[in-house]
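> Got a sequence here, can you model it:
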Amino acid sequence: MNKERFSYFIVAIALLVGAFFYSTTLQSPLISSLNFIKTSYHNTTHYISDSIDSYFFQADEIKRLKKKLLKYENNHLVMQELANEVSDMYQKNNSSLKSNPKVELVRTISYEKFGNTNRLWIEVPEYNNSKIYALTYKELVAGIIINKNNKALALLNRDIKSAYAVYVGDDDAPGIAHGNNQETLIVNFIPAWFDIKKGDEVISSGLDNIFIKGLKVGKVLSVTSSQGYQNAIIEPYYKSKDPSYFHMIRSVR
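Okay, here's the model as predicted:
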């Protein structure tokens, strides 16, 4: 009798786990609760860490930040000069074009599932679940952010559903980059008349209205031809094993 009860218990647990795994109705409140707990935990640990740092390492930290500030101020002046030159060029040519991307820092909460390091829940304030957002790490393309169960889910480069428009090589050959759940990426639909070779750099094209043009994606490892197009295997630049913070491009223009 005990064996029968134990068997029923195991079957019930399996059915319950299966229901949670496949049912978004059951998953949604559970994910919300877990993400709230994780966010609160991150906020608490960061507050404690910042308090300790400010108490014990304040002097050294101030010196380091002052050096960084000088560097950033110099870079800001250079970028401001370039922005002014571009603005003047637009005005002289009576152009209505504008370039003012909105970028903000976002924090990861957790992996979507254990064992899959290509998908992350992201803490995004005022999230518009009808849009796809660009995810970057410094000047590197890291992936995209999509909606899942009305929450922000990051698909890193290697995820098979992470796709965006790119340019390949010096001649800006257009293509579509996506992951294949491996260490490399794939760029499909490169027109056959472009000369693509090993070592060519791949950058975001901006033609998808997700990324701005010129962010680094990776380098070409090999090229094949199929049905009038070329396909390139790419070694990605972004390879972080401990993703904590990213930048999200909320709007390109």
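> residues near K131, how many?
Residues near K131, counting by other Cβ atoms under 10 Å, number 13. (Each C-beta comes from the backbone N, C-alpha and C, glycine too.)
> typo on my end, M89
For M89, using other Cβ under 10 Å, the count is 11.
> and it, that one's in a strand?
No. With DSSP: H, G, I helix; E, B strand; the rest coil as the criterion, M89 is located in helix rather than a strand.
> Now do it, the pLDDT please.
On pLDDT, M89 comes in at 71.
> Which parts of the stretch 151-253 of the chain are strands?
Counting by DSSP state E, counting those that start in this stretch, one finds strands in the stretch 151-253 of the chain at the ranges 151-156, 163-168, 173-179, 185-191, 201-204, 216-226, 229-236, 245-251.
> what's the closest of those to T136?
T136 lies closest to strand 245-251 among the strands of the stretch 151-253 of the chain, at 4.8 Å (Cβ to Cβ).
> helices and strands around that closest one, which ones?
When contacts are defined as 3 or more Cβ pairs under 8 Å, 6 or more residues apart in numbering; DSSP states H and E, strand 245-251 packs onto strand 102-113, strand 133-137.
> which one of these is the most hemmed in?
Among the helices and strands packed on strand 245-251, ranked by average contacts under mean count of other Cβ atoms under 10 Å, first place goes to strand 133-137 (a mean of 23).
> quick check: mean pLDDT across the next helix or strand after that strand?
Following strand 133-137 in sequence order, the next helix or strand is strand 140-148 (DSSP states H and E). The pLDDT scores in strand 140-148 average 94.
> again, but for stretch 199-214
Per-residue scores along stretch 199-214 average to 93.
> In that stretch, which residues are buried?
Neighbour-count burial for stretch 199-214, with 16 or more other Cβ atoms under 10 Å as criterion, is recorded at 200, 202-206, 208, 210-212.
> Tell me the one among those residues nearest to Y133.
Proximity of the buried residues of stretch 199-214 to Y133 was ranked by Cβ to Cβ; the top entry is I210 with 7.1 Å.
> With respect to I122, which of the strands of the stretch 151-253 of the chain lies nearest?
strand 151-156 (4.4 Å).
> Okay, now the unreliable bits of the chain?
Across the chain, residues meeting the criterion (pLDDT under 70) sit at 1-36, 38, 40-43, 46-59, 61-62, 66, 69-88, 90-91, 94-101, 253.
> quick one, domains of the chain?
2-54, 57-92, 101-253 (automatic domain parsing).
> Report the contact partners of N181.
With contacts defined as Cβ atoms under 8 Å, 6 or more residues apart in numbering, N181 is in contact with 118, 158-160.
> how about these in CSV, adding neighbour count?
CSV is the format used below for the contacts of N181 (neighbours: other Cβ atoms under 10 Å):
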residue, neighbour count
N118, 19
R158, 21
D159, 22
I160, 13
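> sorry, back to before: now for the buried residues of stretch 199-214: which two are most distant?
Of all pairs in those, the most separated under Cβ to Cβ is D200 and I210 at 22.0 Å.
> Doesn't I37 lie inside a helix?
Yes. If the criterion is three-state DSSP, then I37 is within a helix.
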